[in-house]
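Student: Give me a 3D structure for the following:
(chains A and B)
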Amino acid sequence: MKKNKKGFVLFKRKYLCIPYGLFLVLFIIIPILIIAYYAFSDDTGALSLNALVGFFTSWSKVNVLFTSVFIALQTTLLCLLIGYPLAYFLADKKVNKNAVLITLFVAPMWINFVLRTGATRDLLTWMGINGGNAPYLATLIGMVQNYLPFVILPLYTTMLKLDKSQIEAAADLGANPFQVFYKSILPQSVPGIVSAFTMTFMPTMSSYVISDTLSEGKITLFGNYIYLDFANNLWHDGSFMAMIMLVIIGLTMFLTRNSGKEEREGGASW
Amino acid sequence: MTNLFLSLSMFISLVGVTGFKEAPKVRNLSPRQIGSGSQTLRLLNVEDYIYEKDESDPEAAENLTKQFEEYAKELGYTNCSVEYYTTDTPESMFNEVKLSPGNYDLICPSDYMIQKLIVNDMLSPMHIDEEHMPNYIANASRTIKGLLDAISAVNGKTNETCYLKDYAVGYMWGTLGLLFDPEYGDRDADQTIYDMQDWSVLWNADYKGISSIKDSVRDTYAIGLLYTLNDDFEENGQTVEGFETLLNKYQEGIYSAEEYNQKFSDLFNRCDNATLDKVRKSLTKLKGNVFGMEVDSGKQDIVTGKIGINFAWSGDAVYSMDQAEEERELELCYSIPRTGSNIWMDAWCMPKYAQRSEAQVELAELFLDFLSIPEYTAQNMDYTGYTPFTAGNDILELTREWYDYRYDEETEEFDDRQYSEEEMEELGLQKVDLSYFFSGTLTDDYAEDENACIFYSDSYLPYTYESESGEILTNECVGRQFFCQFPDEEVLTRCAVMRDFGSQNDTVLKMWEKFKSDALPVWAIVLFVVEIVGGALLITYFFAINRIKKNLRNKRNESLGKK
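Tutor: You can find the predicted model right below:
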């Protein structure tokens, strides 16, 4: 360590990273290594591929994976469908003066989501939709309600940066409203869509409280399954599924990052 | 100075150790000598399972753990304190103990989990005898303690057969049954109560979407078994008697009570692959007929009216009944279907940990003995709604106070009389004999009174009514709080302990995983495929358009360049 003349340690800007570095190693890297260890070992601690073979030969586990992807995809699409036009209007200064409205839309995030889900369950039961008669619908409603703010926010920030003159030019040059939308507005908002997609798709895959509460335990998502294994002392199987989850999340991030880059660079060519 | 102090303390500790070695019977020392150092007793239990002070009531007694500290202090354990931890299931208890056996001095799992702990060599035996736990030995119900003590497991390391009588001190016990609202959704109450005497009611389409079952393997597997193996079935060319036949033969007197219970228990503990497969199929059917699966929301949902039938543990049933009366003036009933059910027991045991001191063990045993003092047990029973192992005078009096018709709530007096058959009919009373629970634990006047264990209640079984066609229909296994907490001896004959699945454990879990993971419904698969194919087409379309445009632009640029 360098010291100045008075003997004080010279402060460097990179030292600011030390707290986070420690955090990263202790609470992210080491736990992941432990999961990896459990995923590829057996009860005696020896290297073993039992969990891997078990996963891919078990129809029920693959089934749960499909169900999770299905629910996650529906949630994401529904959120985008609802959130996209909403974000567009909220980004309009005439509608959303002082940005009060956007705050209102994000406000549900201030309440703990477990409490919120409990309240949603009561509300849905009162409306006649419950895990007993419509587990998928109830779960989807809960998921969309929970993840909508995560879609609105990134879309809203993108919409704020829309190039208004380009849209006007398109209209001036004879594009009808539909053409204006898909030739100018949509391409410009692709980065927002991509980040909204990642922010909804991945957490939905691993969530389990919402589906458990609203489908009354009838829909089992990947997160529930991992929990089930751990609760029954099947640590190796559980860890392996956690690894699968990691891989899927990593894959999604990788894919969306690449496509996002491409769109941003070549966006104007649409 | 510091050095002197260090060597002095080392000397003392050495003396301590050698002294300890020479006199292994530290137990014979008086408590004061052992307990003068500071000691912490660390307990692990499931949530809401011990008396805790209601903070809004200033006159309420302190938490039971606090009361124990006082109790121990009076006996000379001047510096003892209790740390009370909770978890949610016996399975997570097993995890905790496996990870760090030294973290807890006592844990309170269920019967099957104690077996599993013994198999994994994770428990130490305790001194469950007259000398160390006089209150437990004197007050624990003979019958229930007998059931617990007889359970055995083979230690996987030493190959020894261990009986739970050396390892477990009974805490609470109860049954599994159906808690229901007889008039739910404008149903005919008489008919509903009559229907509840069979497990098949859960599969019955008339009750579709109003019942909840447990989201836990063992409990739901139990009802699956009771439903699936109800009728006789073929196995290896031989006919095996189902639950229905066993019951009939017992009622006809072909089987004695013991024989019946033994056969019932054997059938109830089946978990071979063929049975598992059959049970899974009926459970999958069940899944479509129920409202949902829960582990803790059910006891509240039946009170608020979200569901009409809840497959419940007896203690939770008592809780729900009390709540329903208070909040909605609703009278819920509890039925233990006639073909039998599960009796379970929770007991305290000590995780194996070599470094635990003798003094610590003694304190733990003192705590278990303390729990069996009827005065304190009564608080637990009142708070949790579950039935304790402890019987004895105080519990008898409390039971009379709560449930007996002869107890006058206004004058707080008990009229010790017997009713004749005519009087009972006139007042609509049933005679309940609980001597199986109390006998042997009563003292003084109660011990001499041969009618001490006879109760009179107006809400105990059987339930009889006349149907529209004039038929007299009876359900002999339904009741309210009293029945939940103290089923009669007849019910116990029809109940069995569900043992640890042992080597079949993984297979049972596989079955459960399969049951939990339904394939997507057809509409979902269609939607899924359409979306994926649509998305893929859209992406290819845009890529193609881009490519074509790029080519065109390049050509244009080239031609421009040529000019």
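
Student: so what's the nearest residue to residue B:174 once chain neighbours are set aside up against?
Tutor: With sequence-adjacent residues excluded and distances taken as CB to CB, 6 or more residues apart in numbering or on different chains, residue B:174 is closest to residue B:314, at 3.6 Å. C-beta here means a position set from N, CA and C on the backbone, and glycine is covered the same way. Taking CB atoms under 8 Å, 6 or more residues apart in numbering or on different chains as the contact definition, residue B:314 lies against B:174, B:175, B:176, B:177, B:334, B:386, B:387, B:484, B:485, B:487.

Student: Go through the residues you listed and name the one nearest residue B:367.
Tutor: The closest of the contacts of residue B:314 to residue B:367 turns out to be residue B:386 (CB to CB; 18.4 Å).

Student: Quickly note the distance from that closest one to chain A.
Tutor: 23 Å (CB to the nearest CB, to the nearest Å).

Student: For burial, what's the neighbour tally of that residue?
Tutor: By the criterion of other CB atoms under 10 Å in any protein chain shown, residue B:386 has 22 neighbours.

Student: residue in the stretch 151-270 of chain A nearest to chain B?
Tutor: residue A:216 (2.1 Å; CB to the nearest CB).

Student: The residue of the stretch 301-450 of chain B found nearest chain A - nearest residue in space that isn't next to it in sequence?
Tutor: Across the stretch 301-450 of chain B, the shortest distance to chain A (CB to the nearest CB) belongs to residue B:306, at 5.6 Å. Spatial nearest neighbour of residue B:306, excluding adjacent residues (CB to CB, 6+ apart): residue A:125 at 5.6 Å.

Student: what's the longest strand in chain B?
Tutor: As assigned by DSSP state E, the longest strand anywhere in chain B is strand B:169-180.

Student: Tell me which strands that strand pairs with, and in which orientation.
Tutor: The pairing partners recorded for strand B:169-180 under DSSP bridges are strand B:309-313 (antiparallel), strand B:333-335 (antiparallel), strand B:341-348 (antiparallel), strand B:387-388 (antiparallel).

Student: Figure out which of the ones you listed is closest to residue B:190.
Tutor: Comparing the strands paired with strand B:169-180 by CB to CB, strand B:333-335 comes nearest, at 11.7 Å.

Student: Just want the residue of the stretch 1-150 of chain B that's nearest chain A.
Tutor: Scanning the stretch 1-150 of chain B for the residue nearest chain A gives residue B:91, at 5.2 Å (criterion: CB to the nearest CB).

Student: Contact residues of chain B facing chain A?
Tutor: Contacts of chain B with chain A, taken as CB under 8 Å from any CB of the partner chain, map to B:89, B:91-92, B:94-95, B:98, B:209-210, B:212, B:215, B:217, B:287, B:290-294, B:297, B:306, B:506, B:509-510, B:512-514, B:516-521, B:524, B:527-528, B:531, B:542, B:546, B:549-550.

Student: re earlier: does the residue of the stretch 301-450 of chain B closest to chain A touch residue B:291 like I think?
Tutor: Yes. Taking contacts as CB atoms under 8 Å, residue B:306 lies within contact range of residue B:291: 7.4 Å.

Student: Name the residues contacting each of those two.
Tutor: With CB under 8 Å, 6+ apart, residue B:306 and residue B:291 have common neighbours residue A:130.

Student: Which one of these two is surrounded by more residues?
Tutor: Between residue B:306 and residue B:291, counted using other CB under 10 Å, residue B:291 has the larger neighbour count: 27 against 23.

Student: Give the full set of residues in contact with the more buried one.
Tutor: A:130, A:131, A:132, A:216, B:209, B:210, B:211, B:212, B:306, B:307.

Student: Please report phi then psi for it.
Tutor: phi -70, psi -50 (degrees, to the nearest 10).

Student: what's the distance between it and residue B:305?
Tutor: Per CB to CB, to the nearest Å, residue B:291 is found 12 Å from residue B:305.

Student: ok so, going back, including pLDDT, could the contacts of residue B:314 go into CSV?
Tutor: What follows is those, written out as CSV (pLDDT from 0 to 100):
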residue, pLDDT
B:174, 93
B:175, 94
B:176, 94
B:177, 94
B:334, 93
B:386, 90
B:387, 92
B:484, 90
B:485, 90
B:487, 90
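
Student: Counting neighbours, which of those residues end up buried?
Tutor: Among these, the ones that count as buried by 16 or more other CB atoms under 10 Å in any protein chain shown are B:174, B:175, B:176, B:177, B:334, B:386, B:387, B:484, B:485, B:487.

Student: I'd guess residue B:473 is in a strand, am I close?
Tutor: Yes. Under DSSP: H, G, I helix; E, B strand; the rest coil, residue B:473 falls within a strand.

Student: Please, which helix or strand holds the closest residue to it other than its chain neighbours?
Tutor: Distances taken as CB to CB, 6+ apart put residue B:194 closest to residue B:473, at 4.9 Å, once the chain neighbours are dropped. Taking DSSP states H and E as the criterion, residue B:194 maps to helix B:189-195.

Student: and chain A, which residues reach chain B?
Tutor: Checking chain A against chain B by CB under 8 Å from any CB, the hits are A:58-61, A:63-64, A:66-67, A:70, A:73-74, A:77, A:125, A:130-133, A:135-136, A:213, A:215-220, A:224-225, A:228, A:230-234, A:266, A:269-270.
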